[in-house]
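Undergrad: What follows is a predicted protein model with its sequence.
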Amino acid sequence: MTSTLLRSLGVATSAALLITLTACGGGGQGGGDGGGAASDDLPKGPLDEMFEEMYGGGDTEAQDRQMMEAEEITAECMAELGFEYTPVDWSQPGTMGGGEEPEEEWGTLEFAEKWGYGATTNPWGGGEPVEGEQEFVDPNQAYVESMSETEAAAYYAALYGEPVEGEGEEGEAVEWNWETAGCSGKAQHEVYEAGNGMDEDQFTALQEEMDTMWQSIESDSRLTELKESWASCMADAGYDGLAEPADAENLIYEKTNAIYDEFYAEGNIDPEATEEDYAAIQEQIDERLAEITPEEIETAVADFTCRDEVELTRTQAEVSVEYQQEFYDAHKDELEAWRDSMVEQNG
């Protein structure tokens, strides 16, 4: 497997962690059902504000610093194992993290009209290349390509851990574990988890209670009634059998996942595949995804139109504020301790 593809897998993992961290405050307003109205037009609860303070409210500069810190830790770890690794600045243009922010806010009808759900479109890098902008080259690519197949396999095992194949017990997907994810897993754990309150025992019970609170918001009768109205609106638009907005999104993601599964299924990739071979595969995938784009945008527009029509997003935000305030009042000291630990960690 080439360095570009494997780096992409590593960034995907990092991105998932960043999304988890920066979206914690959205469990009430945006978790599950998402928006419709712009977020700056919605009421915020004390937990929303606390999470913005803790995680920078989506501060891209802070996130870039964390990603670079993880890259530097990865390089140190790889050096200890006898390998060279040059930290990659994923905030630069041409990388997966270096695209420009779209003008439309995620989770709004305006975004849906142009980008759908962002499943087959690329809101952060879909524009024309800037004149003079150089194509991104992984600084580690030449180093890895100079290795023998055995050496490269050892390099990737050190960087990402040994490949995990198959499924866990009872057919469940194998859960990602930083301890078996090589130097990249170690770096991600140190930057995004260790020492920041995310996995310390004193906050575990608090987080579990908070998860229960988010679930209670979604099951609140005011929202369940509006979801029924949303489902009726979607049925009128030609989308029958949906219970909530996540179901509409899944209509698209099931199709996109099937495409990736088809191309990257076990046995479909030649172990001797070159960088050019993977580029050709990606081109085929992009062509197949583009075929879904019109359906994605149409579905997303219907979805967000119905959300706005029944005022699901605004009501969800208002209900969330109520639950958040009650939770905050009951756990004020614990929450402030967690907040302070995170603010100190993120500098």
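TA: Looks like it arrived, so ask away.

Undergrad: And Ile259, what's its pLDDT?
TA: Ile259 carries a pLDDT score of 93 in this model.

Undergrad: If you could redo that for Leu109, that was the one I meant.
TA: Predicted confidence (pLDDT) at Leu109: the value is 94.

Undergrad: Give me the neighbour count for Glu193.
TA: Taking other CB atoms under 10 Å as the criterion, the count of residues near Glu193 is 16. Placement of C-beta: from N, CA and C, glycine included.

Undergrad: Same check on Ala153?
TA: Using other CB under 10 Å, Ala153 is surrounded by 14 other residues.

Undergrad: Please state the backbone phi and psi of it?
TA: According to degrees, to the nearest 10, the main-chain angles of Ala153 amount to phi -60, psi -40.

Undergrad: Number the residues from 830 up from this point.
TA: All set: I'll call the first residue 830, so the last point we hit is now Ala982.

Undergrad: do you know how far it is from Met976?
TA: Between Ala982 and Met976 the computed distance is 9 Å (CB to CB, to the nearest Å).

Undergrad: Run through the residues that contact Cys906.
TA: By CB atoms under 8 Å, 6 or more residues apart in numbering, the contact set of Cys906 is Cys1012, Lys1015, Ala1016.

Undergrad: out of those, which is most surrounded?
TA: Highest neighbour count within these, by other CB under 10 Å: Ala1016, with 27 neighbours.

Undergrad: Assign Ala891 to helix, strand or coil.
TA: Each residue gets one of three states, and Ala891 gets helix by DSSP: H, G, I helix; E, B strand; the rest coil.

Undergrad: quick one: it and Val1172, what's the gap?
TA: Applying CB to CB, one obtains 11 Å for the distance of Ala891 from Val1172.

Undergrad: Tell me which of the contacts of Cys906 fall in helices.
TA: Using DSSP state H to define helices, the subset of the contacts of Cys906 located there is Cys1012, Lys1015, Ala1016.

Undergrad: Of those, just say which sits nearest to Pro916.
TA: Each of these was checked against Pro916 using CB to CB; the closest is Ala1016, at 9.9 Å.

Undergrad: pretty sure the closest one is in contact with Met907, am I right?
TA: No: taking CB atoms under 8 Å as the contact criterion, Ala1016 and Met907 are not neighbours in contact, 9.8 Å apart.

Undergrad: Done for today, thanks.
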